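Engineer: Give me coordinates for this.
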Amino acid sequence: MRRLTAQSTALLALALAAGSAGAQQMPQNVEVHGFGSWNSGATNNENLYLGGKWKGSSTNSSAGVNLTGDLGDRVSFTTQVEFGFNGETEAELDYAFGEYKFTDLLKLRAGQVKQPFGLFTELQDVGTVRPFLHLPQSMYGPTAAVAEAYRGIGFTGNLNLFRGMSMDYDVYGGGLNREENEFTLDMYRALQGRKSFDDVGNEIGTEVTDQMYGGRFMFNVIEGLRLGTSGYHSMTGEASAGRGWVTTVGYAAEYVRGRAAVRSEVFRQWESDHDRENGWYYEGSYRLFAGWQLAARFDRSSVHLKDPRPTSSNDLEVDTRPVVGQSLLEHRELAGGINYIFSPNFVLKASLHHVNGNHFSQPNGDADLVQAYHDAEAAFQATGTVTEVVPRKTTVVLLGAQFSF
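Structural biologist: Got it, this is the predicted structure:
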């Protein structure tokens, strides 16, 4: 009975589409693009990072389809859907928006639009445009700094300046979903006595912002060299914190010429409750011969939460204690990689990552881990004994492949 219902619904949808085809303009110059990624990874301890885990894992894969088309000389559309597998399959609508072209200087976009911020927000899922399997976590990880798309209206275009220079610009407004690894921040607050251990979650949280406005300005200085700045301001709300605001500002530089590429980005974020976060990275790659490429990256992230509460009468602060301290709020990573580029659309990648800090590198935040932190805090309060709950330093080896078309 269910199968008959599904078939009837599908036939009805096709009939409605066919009936309305004559009254609606059909897309022209339709282009279909896609991308995919798979990697296996192993860590030297029980921490998880970039899909790698103790004794190895090969369950990390994703693929997506991007569809664009024209509806006349001025109107076009873009949509992208991604599918991922990490033990179970998930589907997600990345973006879907329409564009009206007044001139090359001015185009209007509306819908769920690619967020213009930094170098990679519009290409986060396309692995063949970067030298590592994953983007720098300080900037593009679960930091609540950037998102894949905003919901609203924006304007974009390109301006010719002088002496061959040009500027790509974007201004936009609407709403934004920011994803954040809440476990480390919640656990830090619990250890400060500002949050109950029972309220520490183990998932990637989503914070919805609205009344947002922002922009990006990228200057094409000389061939291969881009410099730019990005930023947005928005209202935000969490059930525990109430209404507030967040401001994020970033700067980017990239030089790609011949066999070499170097780039760096930095961002800083302020929230109305006085929490703030900083992230930056330096990355370089060089193509040797045939398809071989070497890459290196340094990645850094730090979070500063408001008013650390003293934990004893002598004003000893959590920040000074190795039991957790800054480890939960910091990330330092040094990575090296070697790739073989069969073509610009298909690359095999291997990399070694050494991580210092637990802002992104933690075991699953299940009840046992929460209890372990709780016990460590109780032991410190009772005896002054400092316990390392999870390893601060983690080494990860990754091997994978990425394609695009």
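Engineer: Looking at this structure, which strand is longest?
Structural biologist: strand 204-222 (DSSP state E).
Engineer: Give me the sheet partners of it and which way each runs.
Structural biologist: strand 166-181 (antiparallel), strand 225-238 (antiparallel) (DSSP bridges).
Engineer: how about the residue nearest to Pro27 when sequence neighbours are not counted, secondary structure?
Structural biologist: What sits nearest to Pro27 in space, not counting adjacent residues and going by C-beta to C-beta, 6 or more residues apart in numbering, is Gly69, at 3.6 Å. Glycine gets a C-beta too; all of them are placed from N, C-alpha and C. Classification of Gly69 using DSSP: H, G, I helix; E, B strand; the rest coil returns strand.
Engineer: Would you enumerate the residues in contact with Gly69?
Structural biologist: Shown in contact with Gly69 (C-beta atoms under 8 Å, 6 or more residues apart in numbering): 27-31, 76-77.
Engineer: Could you rerun that using 6 Å?
Structural biologist: By C-beta atoms under 6 Å, 6 or more residues apart in numbering, the residues touching Gly69 are 27, 30, 77.
Engineer: Just the buried residues of those residues.
Structural biologist: 27, 77 (16 or more other C-beta atoms under 10 Å).
Engineer: Now tabulate the contacts of Gly69 in JSON lines and tack on distance to Gly228, secondary structure and pLDDT.
Structural biologist: Output for the contacts of Gly69, formatted as JSON lines (distance: C-beta to C-beta, whole Å; DSSP: H, G, I helix; E, B strand; the rest coil; pLDDT from 0 to 100):
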{"residue": "Pro27", "distance to Gly228": "32", "secondary structure": "coil", "pLDDT": "70"}
{"residue": "Val30", "distance to Gly228": "31", "secondary structure": "strand", "pLDDT": "89"}
{"residue": "Phe77", "distance to Gly228": "26", "secondary structure": "strand", "pLDDT": "93"}
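Engineer: what number of residues lie near Val386?
Structural biologist: Using other C-beta atoms under 10 Å, Val386 has 13 other residues around it.
Engineer: What of the one 10 residues further on?
Structural biologist: Val396 is surrounded by 24 other residues when neighbours are defined as other C-beta under 10 Å.
Engineer: remind me which residues of the stretch 151-300 of the chain are low pLDDT?
Structural biologist: Scanning the stretch 151-300 of the chain for pLDDT under 70 picks out 237-242.
Engineer: beta partners for the residue nearest to Pro27?
Structural biologist: With DSSP bridges as the rule, Gly69 is bridged to Phe77.
Engineer: What separation is there between it and Thr79?
Structural biologist: Look at Gly69 and Thr79: by C-beta to C-beta, to the nearest Å, they are 9 Å apart.
Engineer: next one: Leu161
Structural biologist: In terms of C-beta to C-beta, Leu161 sits 33 Å off from Thr79.
Engineer: okay, now the closest residue in space to Met235 that isn't next to it in sequence: neighbour count?
Structural biologist: Among residues not flanking Met235 along the chain, Gln211 sits closest, at 4.3 Å (C-beta to C-beta, 6+ apart). Counted with other C-beta under 10 Å, residues neighbouring Gln211 total 12.
Engineer: Gln211 and His233 touch, don't they?
Structural biologist: No. Counting by C-beta atoms under 6 Å, Gln211 stays clear of His233, with 8.8 Å between them.
Engineer: what's the pLDDT at the residue nearest the centre of the chain?
Structural biologist: The residue lying closest to the centre of the chain (C-alpha atoms, centre = their mean) is Tyr140, at 3.1 Å. We note a pLDDT of 94 for Tyr140 in this prediction.
Engineer: Phi and psi next, for it.
Structural biologist: Tyr140 adopts backbone torsions of phi -110, psi 0, taken as degrees, to the nearest 10.
Engineer: what's the answer for the one 4 residues further on, then?
Structural biologist: Torsion angles at Ala144 (phi, psi; degrees, to the nearest 10) stand at phi 60, psi 30.
Engineer: who's in contact with it?
Structural biologist: 178, 180.
Engineer: confidence score at it?
Structural biologist: If you check Ala144, the pLDDT there is 87.
Engineer: For the stretch 51-200 of the chain, which segments are assigned as helices?
Structural biologist: Ranges of helices in the stretch 51-200 of the chain, per DSSP state H, counting those that start in this stretch, are 137-140, 182-192.
Engineer: Could you dump the ones you listed into JSON lines and include distance to Gly291?
Structural biologist: JSON lines is the format used below for the helices of the stretch 51-200 of the chain (distance: least, C-beta to C-beta, whole Å):
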{"stretch": "helix 137-140", "distance to Gly291": "26"}
{"stretch": "helix 182-192", "distance to Gly291": "38"}
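Engineer: Please name whichever of those is nearest to Ser404.
Structural biologist: Distance to Ser404, taken as C-beta to C-beta, is lowest for helix 137-140 among the helices of the stretch 51-200 of the chain, at 17.4 Å.
Engineer: so how far is Gln124 from the residue nearest to the centre of the chain?
Structural biologist: 6 Å.
Engineer: Then Lys114?
Structural biologist: Separation of Lys114 from Gln124 (C-beta to C-beta): 9 Å.
Engineer: go on, Ser361?
Structural biologist: Counting by C-beta to C-beta - Ser361 and Gln124 are separated by 20 Å.
Engineer: Compare those two (neighbour count), which wins?
Structural biologist: Ser361 (27 against 19).
Engineer: thought that one was touching Thr394?
Structural biologist: Yes. The criterion here is C-beta under 6 Å, and Ser361 meets it with Thr394 at 4.7 Å.
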